[in-house]
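> return atomic coordinates for the entry below.
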Amino acid sequence: RRVLFRSKTNVGGAAFRGCTKLPSVTLGNDSTIVSDNAFAGCASLKEVVIGAKLMSFGTNAFKECTGLEAVRISDLAAWCRIDFYGSNSNPLYFAQHLYLGGEELTDVVIPDNVTSLKEWVFRGWKEMRTITIPSSVTSIAFSMPYPRALSGCENLETVFLNSDAIASSSNSLIYLFGEQVKKFVLGEGVKELGVGAFYRYKGLEAIELPNTLTTIGNSAFSGCSGLTTMDIPSNVTTIGTDAFYNCTSLESIKITSPALKILANFNSCTALNAVHITNLADWCNIDFGNVYPLSYSGYWAYTMNPLYKARHLYLNGEPISELVIPEGITDIKSNVFAGCLDITSITIPEGVKSIGRFAFCDCNNVEVLNIASTVDSIGVNAFYWSDYLATISNPAYAIHDVYCYAETPPAFVPRYGSMPLAKDGTLHVHKSAIDAYITAYYWQNFRDRIVAIEDEVGVKEITTQMPTGNEDDIYGIDGMQVPAWQIGRASCRERV
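From the prediction side, this is the model:
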């Protein structure tokens, strides 16, 4: 009642077909080929033991073996080398339980000497929970739109992928592993995510990317509507077009790369509300869609910055409100702070020469702007507020004070109001430069609101405490001297 093949034996076509009382088959280490229909219809077959030299199972070799409960192997690499001809040729499809050296497998680690996963190798295996693919694997069998090597592994939820060849291929991984996978962990050594790597992987909820990753290809995560967070490693240099298109559940993204070019459009990431960074200078060096000619000022340019959709930028966990451009930055790049609503003041220090187009577009809560004397050009819509007309008429929604220290007015490339200075706002310049600003292109729009920096009296202290000392030097916020009877209310003191 048991069949044991000890010597080098090929099992012929339909050799045991219909043997309904056969409970067990052992294919020894010298068995190499099991032909078509060899064990078809063996309804009582419960166990198949497979040696390390078996090469192939023929078509329908185990068809209708519905009583199978266990497949036992001694070498997982040898199992991966077997050729299966059709779904019914793999006994695991019916048994659902795979034992390696006596222990049942549910978390599979493919050995390093395996180079491919062949058709049907784990077909329909519902007990597999995780699989680890080593760097040696360069191909996984599939036939669009379904996987073939891992077809029907409906409880496989986590994939540890260490193969750069697989990750960088132009095939969506959904075709290799199935749409049920919820998490991918990419190992060190993976350098590139290919075009459409996770295209329309709607069930994907989490992904971990390695520090070795340098490229995220076009449409890499397009349609991954289940992703909620994304951490871009520090060595990534390119994020391709539509990489995050329709990632509608993406809430936050962390970017730490100092030399990054982003070509993706984040406008469809409707849930995005936070961008996290760890180094402000690195952030200032990112190219956000700077592939367009300088004359281009269209809508898509600044939506390539995820901040424009998120509206909130966090530096080491804290929102940036008083923005000071770091030392060493000479050119503020296009789109870099577009849409950030947390910023209330901007200081552009000495050494900065230019401000790129859309650089501070729609930073609607900025009240004070300081522009260093070294700045000589301001790009298209650098300070453009989308609702410009409403902005200039609403003092609470516009820049109140612009301090420009350059003797020669920076050259503007204006469009639709590149400097939303409130109606009661003031342009502060050096006394020696007033005439130049009054006549300069675009700056002349503010000629009736220009004051000399040298003539201003600075406020040194704002307090709610009871002032002490000479009452003659106590002033209100409006600049008027405070009567004695008002002393004790909010006041400011000028110390001269």
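> who touches residue 277 in this structure?
Shown in contact with residue 277 (C-beta atoms under 8 Å, 6 or more residues apart in numbering): 254, 255, 256, 283, 313, 314, 315. In this view, the C-beta of every residue, glycine as well, is placed from N, C-alpha and C.
> tell me which stretches of the stretch 201-350 of the chain form helices.
280-284, 299-302, 306-310 (DSSP state H, counting those that start in this stretch).
> how far away is residue 213 from residue 227?
16 Å (C-beta to C-beta, to the nearest Å).
> hmm, back to that, most neighbours out of the contacts of residue 277, which is it?
Greatest neighbour count in the contacts of residue 277, by other C-beta atoms under 10 Å, goes to residue 313: 26 neighbours.
> look up the residues forming beta bridges with that one.
Legend: beta-bridge partners of residue 313 under DSSP bridges are residue 275.
> give the contact list for it.
Contact analysis of residue 313 by C-beta under 8 Å, 6+ apart lists 275, 277, 283, 307, 319, 320, 337, 340, 342, 343.
> per-residue confidence for it?
On pLDDT, residue 313 comes in at 98.
> from residue 343, how far out is it?
8 Å.
> mutual contacts of the two, please.
Common neighbours of residue 313 and residue 343 (C-beta under 8 Å, 6+ apart) are 320, 337.
> part of a helix, is residue 448?
Yes: counting by DSSP: H, G, I helix; E, B strand; the rest coil, residue 448 is found in a helix.
> list the beta-bridge partners for the residue nearest in space to the middle of the chain.
The residue lying closest to the centre of the chain (C-alpha atoms, centre = their mean) is residue 230, at 4.1 Å. Assessed by DSSP bridges, residue 230 has beta-bridge partners residue 253.
> for the protein, which strand is longest?
strand 421-429 (DSSP state E).
> and that one, what's buried?
Within strand 421-429, the residues scored as buried using 16 or more other C-beta atoms under 10 Å are 421, 422, 425, 426, 427, 428, 429.
> helices and strands around that strand, which ones?
Here strand 421-429 touches helix 388-393, strand 399-404, strand 450-452, going by 3 or more C-beta pairs under 8 Å, 6 or more residues apart in numbering; DSSP states H and E.
> hey, least reliable of the ones you listed by pLDDT?
Minimum mean pLDDT among the helices and strands packed on strand 421-429: helix 388-393, a mean of 46.
> which residues of this protein score low on pLDDT?
Residues of the chain that meet the criterion pLDDT under 70 lie in 1-8, 144-147, 290-301, 386-397, 414-418, 457-496.
> and residue 104, how far from residue 98?
7 Å.
> give me the more crowded residue out of these two.
residue 98 (22 against 11).
> let me see the contact set for that one.
Residue 98 sits in contact with 70, 71, 73, 92, 104, 105, 125, 127, where contact means C-beta under 8 Å, 6+ apart.
> run the last query once more with 7 Å
71, 92, 104, 105, 125 (C-beta atoms under 7 Å, 6 or more residues apart in numbering).
> what of residue 142?
148, 175, 176.
> most packed of the helices of the stretch 201-350 of the chain?
For the helices of the stretch 201-350 of the chain, ranked by mean neighbour count under the definition mean count of other C-beta atoms under 10 Å, the leader is helix 306-310 at a mean of 25.
> which neighbouring elements make contact with it?
Secondary-structure packing of helix 306-310 (3 or more C-beta pairs under 7 Å, 6 or more residues apart in numbering; DSSP states H and E): strand 274-277.
> how about the strand it packs on as PDB, C-alpha atoms only?
Extracted C-alpha coordinates of strand 274-277, given in PDB (Å, rounded to 0.1, in the frame of the first residue of the first chain):
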ATOM      1  CA  ALA A 274       2.900  66.500   6.300                       C
ATOM      2  CA  VAL A 275       6.400  66.500   4.900                       C
ATOM      3  CA  HIS A 276       9.200  65.600   7.300                       C
ATOM      4  CA  ILE A 277      12.900  66.500   6.800                       C
END
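> chain center to it: distance?
For strand 274-277, the separation from the chain centroid amounts to 11 Å (computed by C-alpha atoms, centre = their mean, to the nearest Å).
> distance between the ends of stretch 267-281?
Stretch 267-281 has an end-to-end distance of 25 Å (C-alpha to C-alpha, to the nearest Å).
> what is the burial count for residue 439?
11.
> would you map the helices across the stretch 1-150 of the chain?
76-81, 92-95.
> got the CA positions of the longest strand of the chain in PDB?
The C-alpha trace of strand 421-429 is given here as PDB (Å, rounded to 0.1, in the frame of the first residue of the first chain):
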ATOM      1  CA  LEU A 421       2.300  93.300   0.000                       C
ATOM      2  CA  ALA A 422      -0.800  94.300   2.000                       C
ATOM      3  CA  LYS A 423      -2.400  97.600   1.400                       C
ATOM      4  CA  ASP A 424      -1.100  98.800   4.800                       C
ATOM      5  CA  GLY A 425       2.200  97.000   4.300                       C
ATOM      6  CA  THR A 426       5.600  98.700   4.100                       C
ATOM      7  CA  LEU A 427       8.700  98.200   1.900                       C
ATOM      8  CA  HIS A 428      11.800  98.900   3.900                       C
ATOM      9  CA  VAL A 429      15.000  99.800   2.000                       C
END
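> run through who's touching it.
With C-beta under 7 Å, 6+ apart, strand 421-429 has contacts from 392-393, 395, 398-404, 437, 446, 449-451, 453.
> closest one of these to residue 168?
residue 399 (46.5 Å; C-beta to C-beta).
> returning to what we had before: looking at the helices of the stretch 1-150 of the chain, which is buried most?
Ranked by mean neighbours (mean count of other C-beta under 10 Å), the helices of the stretch 1-150 of the chain are led by helix 92-95, with a mean of 22.
> what is it packed up against?
Helix 92-95 is packed against strand 70-73, with contacts defined by 3+ C-beta pairs under 7 Å, 6+ apart.
> so where do the helices sit in the stretch 351-496 of the chain?
Using DSSP H, counting those that start in this stretch, helices in the stretch 351-496 of the chain cover 388-393, 434-439.
> hmm, which of the contacts of strand 421-429 are the buried ones?
The neighbour-count criterion (16+ other C-beta under 10 Å) marks 392, 398, 399, 400, 401, 402, 403, 404, 437, 446, 450 among the contacts of strand 421-429 as buried.
> tabulate these (CSV), appending distance to residue 53.
Formatted as CSV, the buried ones among the contacts of strand 421-429 follow (distance: C-beta to C-beta, whole Å):
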residue, distance to residue 53
392, 82
398, 80
399, 78
400, 82
401, 83
402, 81
403, 81
404, 81
437, 87
446, 86
450, 90
